[in-house]
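Visitor: sequence-free structure coming up:
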């Protein structure tokens, strides 16, 4: 291979590497939460992620919650408002969840990104088509942990 061919290949590798650089950052800060069938913008309370709302409430003494066992179930709403950092503008942006228990639905700026049944399963969504490149973005995550008396939760 000639010196010119090697130089061209090296330049192509460097360009592809520079364009394909992946930046990973934590998105765990700045979340708020509320429990209820429908979200109320004034009822959100700050939480730290990861978060388990069921352990914040009194435990049941009879364990009739089925798969929720002695813990309360329900519908939880997580909300986060953020601005896209300048370094991310014009790039493909994805969010990766390590897991949401359970039956997650995710929205960005009012657009449903998708849903993920079950829990404890990693999933991700491409945010790029719905991101405000400049200005505020709002992400909402719904988690449904409903009691199912016919199922047994083992601990």
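Guide: That came through fine. Computed from a predicted model, the values in this text were never measured in an experiment.

Visitor: Show the average pLDDT along stretch 138-146.
Guide: Regarding stretch 138-146, the rounded mean pLDDT is 92.

Visitor: so who does the residue positioned nearest the centre of the chain touch?
Guide: Compute the mean C-alpha point of the chain, and by C-alpha atoms, centre = their mean the closest residue is residue 97, 4.5 Å away. Shown in contact with residue 97 (C-beta atoms under 8 Å, 6 or more residues apart in numbering): 104, 106, 116, 122-124. Every residue, glycine included, has its C-beta placed from N, CA and C.

Visitor: tell me the two of the residues you listed that are most distant?
Guide: Within those, two members stand farthest from each other by C-beta to C-beta: 106 and 122, at 13.3 Å.

Visitor: So the two - more neighbours on which side?
Guide: Taking other C-beta atoms under 10 Å, residue 106 and residue 122 do not tie; residue 106 has more neighbours (23 against 10).

Visitor: State whether that one is indeed within a strand.
Guide: Yes: using DSSP: H, G, I helix; E, B strand; the rest coil, the assignment for residue 106 is a strand.

Visitor: Next, the residue nearest to it when sequence neighbours are not counted: phi, psi?
Guide: Nearest non-adjacent residue to residue 106, counting by C-beta to C-beta, 6 or more residues apart in numbering: residue 113, 4.5 Å away. With angles defined as degrees, to the nearest 10, residue 113 sits at phi -80, psi -30.

Visitor: Is residue 113 in contact with residue 131, as I believe?
Guide: No: Residue 113 is beyond contact range of residue 131, at 11.0 Å (criterion: C-beta atoms under 8 Å).

Visitor: Backbone dihedrals for residue 141, please?
Guide: phi -130, psi 130.

Visitor: Which residues does it form beta bridges with?
Guide: With DSSP bridges as the criterion, residue 141 is bridged to residue 78, residue 106.

Visitor: OK, contacts around it?
Guide: 77-79, 100, 104-107.

Visitor: List only buried entries from these.
Guide: Buried members of the contacts of residue 141, counted by 16 or more other C-beta atoms under 10 Å: 77-79, 100, 104-107.

Visitor: Turn those residues into a markdown table, including pLDDT and distance to residue 23.
Guide: Output for the buried ones among the contacts of residue 141, formatted as a markdown table (pLDDT from 0 to 100; distance: C-beta to C-beta, whole Å):
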| residue | pLDDT | distance to residue 23 |
| --- | --- | --- |
| 77 | 97 | 29 |
| 78 | 97 | 23 |
| 79 | 98 | 24 |
| 100 | 92 | 23 |
| 104 | 96 | 24 |
| 105 | 98 | 27 |
| 106 | 98 | 21 |
| 107 | 99 | 24 |
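
Visitor: Cheers, nothing more for now.
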